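S.K.: next come a sequence and a model predicted from it.
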Amino acid sequence: MRILVVEDEHRIANAIKKGLEQEKYAVDVAYTGETGWDLASSEEYDAIILDLMLPGIDGLTICRNLRQAGKQIPILILTAKDQTGDKVEGLNSGADDYLVKPFAFEELLARIRALVRRPKNTLNPVLKVAELELNTSTYEVKMGEKQISLSNKEFSLTEYLMRNAGKVLTKDQIISHVWNYDADVLPNTVEVYVKALRRKIGQNLIKTVRGFGYKMHV
């Protein structure tokens with residue numbers, strides 16, 4: 001899962017990034033409205049955490065412009081504005097949720113998890129493909145009764161493949177959802193991680209579609 005944090009307060013933005021990365025998300029951070037808009041409008045994200053008071057383009061404008069452009073990505077507004085009118089304006093601009101500063105990271109995480117589940121109608125935190133089972137809440141991975149130990153990036157890759165089981169995913173699609181925007185991803189990085197996953201979960205679940213990419217076999 002890949003998250004964009006648009007927040008001009010570096011301390012808050014970096015704390016959110018650190019916390020989400022510990023929860024196995026890939027996270028990009030933008031400290032200005034212009035950078036936030038550029039990333040949100042050109043990259044693929046599973047959710048956006050968006051401050052309202054930003055230098056340059058404000059958060060409400062970014063939210064409205066994304067919706068007008070047809071982007072249905074879940075947006076959580078994070079702001080110090082706590083008046084009812086402010087919340088209504090934010091939600092009317094196209095945001096999916098609204099959280100007031102100061103906040104508990106546990107609540108932010110719960111809201112993000114709810115938002116990224118909502119578009120796929122995947123209310124159950126447990127994903128299952130054949131004998132492979134992955135729990136997005138406890139981070140447990142099992143193949144049948146056997147516990148599987150995965151690195152953070154292997155976990156994120158497995159989750160993305162499982163959520164799109166049966167679909168052919170290109171390397172570019174995988175990179176854009178599993179790695180940060182500024183990550184140093186080499187051309188064969190996806191191949192290396194897929195090879196490592198196959199050693200852990202078996203050779204038959206992840207199929208190579210020659211010339212296109214990979215598919216989690218259903």
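M.R.: Structure received. As the structure is a prediction and not an experimental result, all values here were calculated from the model.
S.K.: all helices for this structure, in order.
M.R.: In the chain, the segments counted as helices under DSSP state H are 10-22, 33-42, 59-68, 84-92, 105-117, 152-163, 171-178, 189-201.
S.K.: and the closest residue to T35 other than its chain neighbours, what does it touch?
M.R.: Distances taken as CB to CB, 6 or more residues apart in numbering place V6 nearest to T35, at 7.8 Å, with adjacent residues excluded. Quick note: C-beta positions are derived from backbone N, CA and C, even for glycine. Residues touching V6, when contacts are defined by CB atoms under 8 Å, 6 or more residues apart in numbering, comprise 29-30, 33, 35-36, 39-40, 48-51, 54, 59, 62.
S.K.: any chance of a markdown table for these, columns pLDDT and neighbour count?
M.R.: Supplementary listing: these in a markdown table, determined by pLDDT from 0 to 100; neighbours: other CB atoms under 10 Å:
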| residue | pLDDT | neighbour count |
| --- | --- | --- |
| V29 | 97 | 21 |
| A30 | 97 | 24 |
| G33 | 96 | 22 |
| T35 | 96 | 18 |
| G36 | 95 | 26 |
| L39 | 95 | 17 |
| A40 | 94 | 23 |
| I48 | 96 | 29 |
| I49 | 96 | 28 |
| L50 | 94 | 28 |
| D51 | 92 | 25 |
| L54 | 92 | 24 |
| G59 | 91 | 27 |
| I62 | 94 | 27 |
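S.K.: let's have the residues you listed in TSV, adding distance to R111.
M.R.: Rendered in TSV, the data for these read as follows (distance: CB to CB, whole Å):
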residue	distance to R111
V29	18
A30	20
G33	22
T35	23
G36	19
L39	21
A40	18
I48	12
I49	9
L50	13
D51	15
L54	20
G59	16
I62	19
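S.K.: pLDDT at the closest residue to L60 other than its chain neighbours, what is it?
M.R.: Counting by CB to CB, 6+ apart, S93 is the residue found nearest to L60 once chain neighbours are left out, at 4.9 Å. Residue-level confidence at S93 comes out at 82, pLDDT.
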